[in-house]
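Chemist: attaching a predicted model along with its sequence, questions to come.
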Amino acid sequence: MASISAAVSLSPWSEERLLEACLDERMIGHVVRVIETADEVLGFVVYARVLDEVTVHEIAVRAEYQGRGLGQALLCSALREMRRVGVVRCLLEVRESNQSARRLYQRNGFSIDGTRKQYYPCADGREDALLMSAQL
Ligand SMILES: CC(C)(COP(=O)(O)OP(=O)(O)OC[C@H]1O[C@@H](n2cnc3c(N)ncnc32)[C@H](O)[C@@H]1OP(=O)(O)O)[C@@H](O)C(=O)NCCC(=O)NCCS
């Protein structure tokens, strides 16, 4: 998961942070779900629940497997699992320039609630974060 994150994410999750989320010790309420073959992890999603709300912290698919519906499958099954346990709202943040992630979220019922100006560092300075949410 850490190698996928390092390769495809502009704000990658370290191995240590992922391990903490998997063990759910210091990062209480975190859930990690993967899509994998017998040999390798192809993608993963990390989200955290507080009462009846969830925040998606990371979703990533190995570069050579992107565009085949794995991101959709990961998000869709995570949303299904959230609904099943009584979550009513799912929140996330996305870089304004991240068109493929934005399309994935919009396809799954997320809409933009607001922006955090100049939130993310990027190659030519900083860029805005879009705050998105979906009612489940
Ligand atoms: C965002 C991300 C997880 C999406 O994963 P993905 O597996 O590529 O997503 P999908 O395949 O479900 O959808 C991506 C595109 O492939 C298309 N697609 C899905 N299944 C397909 C198939 N069987 N054949 C052809 N295209 C397909 C989708 O229509 C979609 O097209 P669009 O972006 O033009 O709307 C992935 O791009 C990623 O890892 N990005 C880097 C990390 C990141 O930015 N994460 C988000 C942080 S907020």
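Modeler: Right, received. Where do you want to start? Residues are numbered from 1 along each chain as shown.

Chemist: who's in contact with residue 62?
Modeler: Residue 62 makes contacts with 4, 7, 8, 40, 41, 42, 43, as judged by Cβ atoms under 8 Å, 6 or more residues apart in numbering. Just so you know, the C-beta spots here come from the backbone N, C-alpha and C atoms, and that holds for glycine as well.

Chemist: and it, how far from the ligand?
Modeler: Residue 62 is 8 Å from the ligand, where distance means Cβ to the nearest ligand atom, to the nearest Å.

Chemist: phi, psi for that residue please.
Modeler: Torsion angles at residue 62 (phi, psi; degrees, to the nearest 10) stand at phi -50, psi 130.

Chemist: re earlier: near the ligand too, which of the contacts of residue 62?
Modeler: Filtering these for proximity to the ligand by Cβ under 6 Å from any ligand atom leaves residue 8.

Chemist: is stretch 113-130 positioned near the ligand?
Modeler: No: judged by Cβ under 6 Å from any ligand atom, stretch 113-130 and the ligand are separated, with a smallest distance of 9.1 Å.

Chemist: and that stretch, C-alpha only, in PDB?
Modeler: What follows is stretch 113-130 as a C-alpha-only set of coordinates in PDB (Å, rounded to 0.1, in the frame of the first residue of the first chain):
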ATOM      1  CA  ASP A 113     -19.400  22.000   0.100                       C
ATOM      2  CA  GLY A 114     -16.600  24.500   0.100                       C
ATOM      3  CA  THR A 115     -12.900  25.000  -0.400                       C
ATOM      4  CA  ARG A 116      -9.800  25.300   1.800                       C
ATOM      5  CA  LYS A 117      -7.700  28.000   0.000                       C
ATOM      6  CA  GLN A 118      -4.100  27.100  -0.800                       C
ATOM      7  CA  TYR A 119      -4.300  24.000   1.400                       C
ATOM      8  CA  TYR A 120      -2.100  21.600  -0.500                       C
ATOM      9  CA  PRO A 121       1.600  22.200  -1.600                       C
ATOM     10  CA  CYS A 122       2.100  21.600  -5.300                       C
ATOM     11  CA  ALA A 123       4.800  22.000  -7.900                       C
ATOM     12  CA  ASP A 124       4.100  25.600  -8.500                       C
ATOM     13  CA  GLY A 125       3.200  26.800  -5.000                       C
ATOM     14  CA  ARG A 126      -0.100  25.800  -3.400                       C
ATOM     15  CA  GLU A 127      -3.500  24.700  -4.500                       C
ATOM     16  CA  ASP A 128      -7.000  24.700  -3.100                       C
ATOM     17  CA  ALA A 129      -8.600  21.700  -1.400                       C
ATOM     18  CA  LEU A 130     -12.300  21.000  -2.300                       C
END
